[in-house]
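# below are the sequence and a predicted model; questions follow.
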Amino acid sequence: MTPHMNTRRAAALAAVAAMVVVGMQTGAANAVPDNGNDTPSATRSVVPFGANKASVRTAAIKSAQGEASSTADSLGLGSKEKLVVRDVIKDADGTVHTRYERTYDGLPVLGGDLVTHTAPGGKLKGVTKATKARISVPSTTPKIKTAAAARKVIWAGSGKPVLALETVRTGVQKDGTPSRVHTITDAITGKKLQSYEAVETGVGHSQYSGDVDLTTTASGSGFELTDGDRGGHKTYDLNQGESGTGDLVTDDDDTWGDGTGDDRQTAAVDAAYGAAQTWDFYKSAFGRDGIAGDGKAAYSRVHYGDAYVNAFWDDSCFCMTYGDGADNKSALTALDVAGHEMSHGLTASTANLDYFGESGGLNEATSDILGTSVEFAADNSTDVGDYLIGEKIDINGDGTPLRYMDKPSKDGGSADYWDSSVGDLDVHYSSGVANHFFYLLSEGSGAKTINGVDYDSPTSDGSTVTGIGRDKAVQIWYKALSEYMTSSTDYAGAREATEKAATDLYGADSAELTSVQAAWSGVNVK
């Protein structure tokens, strides 16, 4: 089949709203600082393995796995512990960051992830761990009754590691979203240790975003909505179903949709466009070949359920799913929704930030940050880039957006600044601290107008922050996420991770590092 390009009318319908991200474990972040590098910022850049062919990344992971045993020994891990390589990233200066999951006596360790940072010559520069605790349990035999489907694990999410059982209960949430609740229970005492919803969602209404280009594939006498230029991304019509993939979207003349919700193809166009723009942004900004960095596309499903007012990312299918809205004609397929939701997959493939506590806010903010960056990068004249989330869907009924990055508290619930209670907030509100940090780092404090939108960003202490530009800010955030954050990173850990990322990219004496520090201080993370 031959890829075919065509410009068609999209009604790239907007959506956003309490977008939910789900992670797994908690724990205390621990980073061993490496030596600063004072190379001038003009000579610095980051080039991950993902910038090369997927086969290069695969080979790097295979090589690292072959050395995992010696790496475990060098880190002083116990004889029953093993490392499983998840990802490898190589900086332009030759520094290699290798991300591992951990097992103990053959059991997965939840909250045991770590990242090693190795100098070009092979010397270990440092290690970032999700937990400081030594992994060891007296026995791997449960003392409580074990459900047939329960999985034995080691829980290292908080405090002393314990033998635990993980169960998964499937069902449907109140709004019709599929549900997959994971519960972690102490296998000795029966105490519930953690529970989380593993389906990531977004809520909103739709809007048009103009004509867009799509890459489709010729098939027989017609065309199918398969993007051969971007890992083979496919878009399916669920026909109001709630399982499976449905039917691959096809067309006779390669002119898709009519820009309204009355045409079933329109939602598919929006979904395919959002997926393509997100893929292209990851590629151009980070050299990342797809969400997982392996050159393989996710897929999209549209027309989920009946009057379903939501959209969600699901790691179990590695797919994005969109409902049609309350009137079944307003698909939740906006560009910023795709960028936000699909970035949940990127987070899961990198730091895998937990969905609870401060790490949950960081997880949610990462999707807002990257979704916003996708919107700016797409340069769509109908849906111009801005630091407002859900700005055109009128979800509040008064023309106001769902979230504001310059001053998050304007939504009535999000936190502008960190305090010790932030981790107790819903992740959609605790995310405000990181969203505010990103805005300050990108644009600086005070009043300004960007793309016709007025902003006025304050700081917690009245200080003035000088922005470094969104392009540099997102590079710092991505590097911190992919190389220095772990599943349990909190706001203090995020400051440390972004400081290290800025130092790597621009130098220990750089203006960029100074702005990172000032922006975090501006949101009271000190």
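Received, thanks.
# which one is residue 402 nearest to, not counting chain neighbours?
Take residue 402 and drop its neighbours on the chain: the residue closest to it by CB to CB, 6 or more residues apart in numbering is residue 390, 3.3 Å away. Placement of C-beta: from N, CA and C, glycine included.
# how near is the one you found to residue 411?
10 Å (CB to CB, to the nearest Å).
# packing partners for the longest helix seen in the chain?
If you go by DSSP state H, the chain has its longest helix at helix 357-378. Applying 3 or more CB pairs under 8 Å, 6 or more residues apart in numbering; DSSP states H and E, one finds that helix 357-378 contacts helix 264-281, helix 335-349, strand 388-389, helix 427-430, helix 432-443, helix 470-479, helix 491-506.
# sorry, back to before: tally of neighbours for the residue nearest to residue 402?
28 (other CB atoms under 10 Å).
# which ones are touching residue 262?
Applying CB atoms under 8 Å, 6 or more residues apart in numbering to residue 262 gives the contacts residue 329.
# my guess is residue 320 is in a helix, correct?
No: in this structure, residue 320 is strand, not part of a helix, as judged by DSSP: H, G, I helix; E, B strand; the rest coil.
# related to what we said a few turns ago, wait, which of the helices and strands packed on helix 357-378 is closest to residue 142?
helix 335-349 (27.9 Å; CB to CB).
# need the contact list for the residue nearest to residue 388 when sequence neighbours are not counted.
The shortest distance from residue 388 to any non-neighbouring residue, by CB to CB, 6+ apart, is to residue 401 (4.1 Å). Residue 401 sits next to 388-391, 411 when contact means CB under 8 Å, 6+ apart.
# lowest pLDDT pick from these?
Least confident by pLDDT among these: that is residue 390, with 71.
# from residue 374, how far off is that residue?
In terms of CB to CB, residue 390 sits 14 Å off from residue 374.
# angle of the longest helix of the chain against helix 470-479?
Between helix 357-378 and helix 470-479, the angle comes out at 140 degrees (axes from the mean of the first three to the mean of the last three CA atoms, to 10 degrees).
# report the angle between helix 357-378 and helix 335-349.
Using the same axes, to 10 degrees: helix 357-378 against helix 335-349 is 130 degrees.
# restricting to C-alpha, output helix 357-378 in CSV.
Listed next in CSV are the C-alpha coordinates belonging to helix 357-378 (Å, rounded to 0.1, in the frame of the first residue of the first chain):
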residue,chain,number,x,y,z
GLY,A,357,0.2,12.7,45.8
GLU,A,358,2.5,15.3,44.2
SER,A,359,3.7,12.9,41.5
GLY,A,360,0.1,12.8,40.3
GLY,A,361,0.1,16.5,39.9
LEU,A,362,3.4,16.3,38.0
ASN,A,363,1.9,13.6,35.8
GLU,A,364,-1.2,15.7,34.9
ALA,A,365,0.9,18.8,34.4
THR,A,366,3.2,16.9,32.0
SER,A,367,0.2,16.3,29.8
ASP,A,368,-0.8,19.9,30.0
ILE,A,369,2.7,21.1,29.2
LEU,A,370,3.2,18.8,26.2
GLY,A,371,-0.3,19.2,25.0
THR,A,372,0.1,23.0,25.0
SER,A,373,3.5,22.6,23.2
VAL,A,374,1.8,20.4,20.5
GLU,A,375,-0.8,23.1,20.0
PHE,A,376,1.9,25.8,19.6
ALA,A,377,4.0,23.6,17.3
ALA,A,378,1.0,22.7,15.0
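# tell me the angle that helix makes with helix 264-281.
100 degrees.
# phi, psi of residue 143?
Torsion angles at residue 143 (phi, psi; degrees, to the nearest 10) stand at phi -110, psi -10.
# the strands in the stretch 151-300 of the chain, which residues?
Secondary structure of the stretch 151-300 of the chain by DSSP state E, counting those that start in this stretch: the strands cover 151-155, 162-172, 178-186, 192-197, 200-202, 211-219, 222-224, 226-227, 233-237, 247-248, 250-251, 299-304.
# returning to that earlier point: does the residue nearest to residue 388 sit in a helix, a strand or a coil?
Secondary structure, three-state DSSP: residue 401 is coil.
# and it, how close does it get to residue 266?
The spacing between residue 401 and residue 266, counted by CB to CB, is 23 Å.
# ditto for residue 455
On the measure of CB to CB, residue 455 and residue 266 end up 32 Å apart.
# between these two, which is the more surrounded one?
Between residue 455 and residue 266, counted using other CB under 10 Å, the more crowded position is residue 266 (27 against 20).
# right, and the more buried one touches residue 255 too?
No: using CB atoms under 8 Å as the test, residue 266 is too far from residue 255 to be in contact (11.8 Å).
# just to revisit the earlier point, which neighbours do residue 390 and residue 411 have in common?
By CB under 8 Å, 6+ apart, the residues touching both residue 390 and residue 411 are 401-403.
# ok, of those residues, which one's closest to residue 365?
Of those, the one sitting nearest to residue 365 (CB to CB) turns out to be residue 403, at 9.9 Å.
# show me what that closest one is bridged to.
Beta-bridge partners for residue 403, by DSSP bridges, are residue 389.
# tell me the contacts of it?
Residue 403 makes contacts with 16, 368, 388-390, 411, 414, 428, 432, 435, as judged by CB under 8 Å, 6+ apart.
# let's see 10 Å
Contacts for residue 403 (CB atoms under 10 Å, 6 or more residues apart in numbering) come out as 16-19, 364-365, 368, 372, 387-391, 410-411, 413-414, 428-429, 431-432, 435.
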